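Enquirer: sequence below, structure please.
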Amino acid sequence: MSLKRRCGIICHPTSLPGRFGIGELGENARQLVDFLAEGGQTLWQVLPLGPTGYGDSPYQPFSAFAGNPLLISFGELIKEGLLAEEDVRLEAPFPEDQVLYGPVIEFKNRVLRRSHERLRAGAPEHLRAELAAFRQENCAWLDDYALFMALKLHYHWAVWTEWDAEIALHTEKALAHWHHILRDEVDYQCYLQYLFARQWGQVKQFANEAGITIIGDLPIFMGHDSTDVWSHRELFRLDERGMPMAVAGVPPDYFSPTGQLWGNPHYRWDLMRADGYSWWLARLRRVLSQVDIVRLDHFRGFSGYWVVPAGEDTAMNGRWVKGPGKGFFEVVEREFGKLPIIAEDLGLITADVVALREGLGLPGMRVLQFAFDADASSTHLPHNYTRDTVVYTGTHDNDTTLGWYATRDDVIKHRVRLYTGTDGSKLNWTFIRLAMNSVADMALYPLQDVLGLGSEARLNLPGRPHGNWTWRYRQDRLQSSLAATLREMAIASGRWLEPGVELEEATPQELDYEEL
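Expert: Alright, predicted model coming up:
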């Protein structure tokens, strides 16, 4: 039979171990893949892979198309002769269990510039040829991105609306002028993107060959201070100065009594529709070259989105506006065929959102940590799932399962114990088992839950502007005993088969009945 039931973990590459202060796309990434394969896991979900901007958030990237240079592996560059061991010598070790973004950015940039100098001084010819081909193949987005980052550096990281008027307006004359003035920095930024694409491609190939499917994440909105908004101002609701006329967010919700004010500018969906959603098609084409399945963040925004006037301090004073709806996805399907998309349908979900998702045949999400705030009718309780569901113990926005349970009131703790038939101890494994044994086609859980960690390992707290996205695990935590437990649970729940094992469909037996 075709095994559709699958399971796996959520772990962003920044959380990988290593000596250079942040996860990298090298040996430790392959070791995580080996752990997943040993544990019978066939899914690896990551967060957006773009270069992070404000607050180090992967959901506020400087580009919808570029990759995060902080993930580039120094070990791989040493193997290729683009770095030497003395280039990466540390004056003091970085913490093993968290990312200190300021020092990491400074150190990695210094070392990566050294590798670029070595490339220019005489790298192997095949690397030079690959870099030239990469630049030509990706010029549609890479030229603007590389210049944008060079200009950010030139203007001391000021928002693009604070640059000189002509380049802020992205005029042809100004683009040509600054490409010439900043050509060395533009070359360096292109080089970083080449390295990222090369190394991530190798990690993805290694994962796919090990039977691991990679789930990526596509934020619906772009940050205002991004290449895409600067170079495509006409596609966003901006005033004549380039400032957002209204910003994105959500009304009061599970995470915040005043809502979440994200601050992203809204799209001009009317103009996007008029040109056949070309920017979105290019964006989807790019992410589908990097991952196998796309989690479409804030899916409800395609049905209707929350618009908050610019200048508001919270997201409370907003209004709902109709989104592009089914027409957008019809254009996408004509271009790509049936897309491997997971619809992130959390939060305030209304009938129109459900109808859109079901009409498109997309699986939705359920989160076990949301299941016990209401009665037995909660859509997040496993007995209410349908097969076209992706169940999570928690997401990157949640506390770890142990941290969540420790801070619940007695009523919710009682509901959890009643529903699971446990005393509440080792709830991380109880929730993982609950997810695996559900009818949902896919079951996913943060690596923190597999490791049995508490709130100290939480990755993100929505609404907190700083201090997120810093958690890292230590390599010695990936024990074979954990992999064995995951593998046994995956087999027992029908989510993994031993290689070479085939299951036969059970068929009713025929009996010889006696006649009276």
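
Enquirer: from the chain's centroid, how far away is the helix or strand residue 355 falls within?
Expert: For residue 355, the host element (DSSP states H and E) is helix 351-360. A distance of 23 Å separates the centroid of the chain from that of helix 351-360, by CA atoms, centre = their mean, to the nearest Å.

Enquirer: next structured bit after it?
Expert: That would be, after helix 351-360 and using DSSP H and E, strand 364-367.

Enquirer: what does that next one rub up against?
Expert: 299, 342-346, 357, 379-380, 382, 385, 388-395, 398, 440 (CB atoms under 8 Å, 6 or more residues apart in numbering). (Each C-beta comes from the backbone N, C-alpha and C, glycine too.)

Enquirer: now stretch 373-390
Expert: 254, 342, 361-368, 370-372, 391, 412, 419, 434-435, 437-444.

Enquirer: which of these are buried?
Expert: Buried by 16 or more other CB atoms under 10 Å: 254, 342, 362-368, 370-372, 391, 412, 419, 434-435, 438, 440-444, out of these.

Enquirer: hmm, back to that, which ones among the contacts of strand 364-367 map onto helices?
Expert: Counted as lying in helices by DSSP state H, out of the contacts of strand 364-367, are residue 357.

Enquirer: would you map the strands across the chain?
Expert: Assigned by DSSP state E, the chain shows strands spanning 6-10, 43-45, 213-218, 246-250, 260-265, 293-296, 304-309, 319-322, 341-343, 364-367, 389-392, 442-446.

Enquirer: can you redo those as CSV with distance to residue 185?
Expert: Shown next, in CSV, are the strands of the chain (distance: least, CB to CB, whole Å):
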stretch, distance to residue 185
strand 6-10, 35
strand 43-45, 34
strand 213-218, 28
strand 246-250, 31
strand 260-265, 26
strand 293-296, 32
strand 304-309, 36
strand 319-322, 39
strand 341-343, 37
strand 364-367, 41
strand 389-392, 41
strand 442-446, 37
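
Enquirer: just name the most buried of those strands.
Expert: Compared across these, strand 442-446 shows the largest average neighbour count, a mean of 28 (mean count of other CB atoms under 10 Å).

Enquirer: residues contacting it, please?
Expert: With contacts defined as CB under 8 Å, 6+ apart, strand 442-446 is touched by 5-11, 43, 45, 215, 342, 363, 389-396, 398, 400-401, 431-432, 435-436, 459, 493, 495.

Enquirer: try 7 Å this time
Expert: 6-10, 43, 45, 390-394, 400, 432, 435-436, 495 (CB atoms under 7 Å, 6 or more residues apart in numbering).

Enquirer: likewise stretch 135-155?
Expert: In contact with stretch 135-155 (CB under 7 Å, 6+ apart) are residues 62-63, 65-66, 162-163, 167, 175, 178-179, 182, 185-186, 189-190, 193, 227, 230-231, 282.

Enquirer: separate out the buried members of these.
Expert: By 16+ other CB under 10 Å, the contacts of stretch 135-155 give 62-63, 65-66, 163, 167, 175, 178, 182, 185-186, 189-190, 193, 227, 230-231 as buried.

Enquirer: contacts only, for the nearest residue to residue 48 once chain neighbours are set aside.
Expert: Nearest residue to residue 48, sequence neighbours excluded (CB to CB, 6 or more residues apart in numbering): residue 58, at 4.3 Å. Residues in contact with residue 58, defined by CB under 7 Å, 6+ apart, are 12, 47-48, 50, 52, 469.

Enquirer: can you do 8 Å?
Expert: Residue 58 is in contact with 12, 14, 47-50, 52, 68, 217, 469, counting by CB under 8 Å, 6+ apart.

Enquirer: any chance of those in CSV, with pLDDT and distance to residue 107 too?
Expert: As requested, the contacts of residue 58 are exported to CSV (pLDDT from 0 to 100; distance: CB to CB, whole Å):
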residue, pLDDT, distance to residue 107
12, 98, 20
14, 98, 15
47, 98, 22
48, 97, 23
49, 98, 21
50, 97, 21
52, 94, 16
68, 98, 15
217, 97, 27
469, 97, 18
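
Enquirer: need these in CSV with distance to residue 292, can you?
Expert: CSV is the format used below for the contacts of residue 58 (distance: CB to CB, whole Å):
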residue, distance to residue 292
12, 16
14, 20
47, 15
48, 15
49, 13
50, 18
52, 23
68, 19
217, 13
469, 23
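
Enquirer: show me those residues that map onto helices.
Expert: Per DSSP H, those never map to helices.

Enquirer: name the nearest of those residues relative to residue 262.
Expert: residue 48 (13.8 Å; CB to CB).

Enquirer: tell me the contacts of the closest one?
Expert: 58-59, 61, 216-219.

Enquirer: can you pull the pLDDT of the residue lying closest to residue 160 once chain neighbours are set aside?
Expert: Ranked by CB to CB, 6+ apart and with sequence neighbours excluded, the top spatial neighbour of residue 160 is residue 230, at 4.5 Å. Listed pLDDT for residue 230 reads 98.

Enquirer: ok now the helix or strand of the chain with the lowest mean pLDDT, how far from the chain's centre?
Expert: The weakest-scoring helix or strand in the chain, judged by mean pLDDT, DSSP states H and E, is strand 260-265 (a mean of 91). For strand 260-265, the separation from the chain centroid amounts to 18 Å (computed by CA atoms, centre = their mean).

Enquirer: neighbouring strands of it in the sheet, and parallel or not?
Expert: Using DSSP bridges, the strands paired with strand 260-265 are strand 246-250 (antiparallel).

Enquirer: contacts for the partner strand, please.
Expert: 221, 237, 259-266, 301, 305-310, 312, 315, 318, 347-348.

Enquirer: quick check: buried residues in the longest helix belonging to the chain?
Expert: Ranked by residue count and defined by DSSP H, the top helix of the chain is helix 183-209. Buried residues in helix 183-209, counted by 16+ other CB under 10 Å: 185-200, 202-204, 207.

Enquirer: name the helices or strands packed onto it?
Expert: helix 27-38, helix 74-79, helix 101-122, helix 125-137, helix 139-154, strand 213-218 (3 or more CB pairs under 8 Å, 6 or more residues apart in numbering; DSSP states H and E).

Enquirer: quick one: closest of those to residue 242.
Expert: helix 139-154 (13.5 Å).

Enquirer: for burial, what's the neighbour tally of residue 135?
Expert: 18 (other CB atoms under 10 Å).

Enquirer: from residue 69, how far out is it?
Expert: Distance of residue 135 to residue 69, given as CB to CB, to the nearest Å: 16 Å.

Enquirer: ok, now residue 339?
Expert: Separation of residue 339 from residue 69 (CB to CB): 28 Å.

Enquirer: those two - which one has more neighbours?
Expert: residue 69 (20 against 16).

Enquirer: what sits against the more buried one?
Expert: If you count contacts by CB under 8 Å, 6+ apart, residue 69 has them with 51, 108-109, 112, 192-193, 195-196.

Enquirer: run a quick neighbour tally on the nearest residue to residue 26 once chain neighbours are set aside.
Expert: Excluding the flanking residues, the one nearest residue 26 by CB to CB, 6+ apart is residue 73, at 3.1 Å. By the measure other CB under 10 Å, the count of residues near residue 73 is 24.
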